[in-house]
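> coords below, sequence missing:
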Ligand SMILES: [Zn+2]
C-alpha cells in the first residue's frame, strides 16, 4: 500500500540524548519490553553520539515515533522501537 511505503521513510533525525531518553522511557513503561528488545536486537552502540533516525510508527492508529533501538542480529538493518505502542520493527 502506498501509504505504508511512504511511512517507512525516515521521519526525522534526533540527537543521541533524545533517542536514549525515548528508548529508556518506553522500556520503563512496558514490563518485559526490554527483554523482548534484547532478544530481537543487538545493543545500539553510538559512542560517537551521532544523530539517529526516527520513523513514524506504521501500526494502525498509532501516533508514535519509532526510535533507533539496536541492530538486527545479522547487522543488515536497524531495529526500531515505537514510543507509543511498543512495537519492535526492523528498519
Ligand atoms: Zn506505535
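All right, it came through fine. Just so it is clear, the structure is predicted and the values come from calculations on it, not from any experiment. Numbering: from 1, shown residues only.
> quick one, helices of the chain?
Along the chain, the segments classed as helices by DSSP state H run 2-7, 16-29, 33-40.
> buried stuff in the second one?
Neighbour-count burial for helix 16-29, with 16 or more other C-beta atoms under 10 Å as criterion, is recorded at 16, 19-20, 22-23, 26-27. All C-beta spots, glycine's among them, are computed from the backbone N, C-alpha and C.
> filter these by proximity to the ion?
When contact is defined as C-beta under 5 Å from the ion, those do not meet the ion at all.
> follow-up on the earlier one: just tell me which of the helices of the chain ends up closest to residue 47.
helix 16-29 (9.5 Å; C-beta to C-beta).
> Switch the helices of the chain over to JSON lines; also include mean pLDDT.
As requested, the helices of the chain are arranged in JSON lines below (pLDDT from 0 to 100):
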{"stretch": "helix 2-7", "mean pLDDT": "48"}
{"stretch": "helix 16-29", "mean pLDDT": "97"}
{"stretch": "helix 33-40", "mean pLDDT": "96"}
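> The longest strand along the chain to helix 33-40, inter-axis angle?
The single longest strand within the chain, with elements called by DSSP state E, is strand 65-72. Angular relation of strand 65-72 and helix 33-40 on a 0 to 180 degree scale: 40 degrees, by axes from the mean of the first three to the mean of the last three C-alpha atoms, to 10 degrees.
> Good, we can wrap up now.
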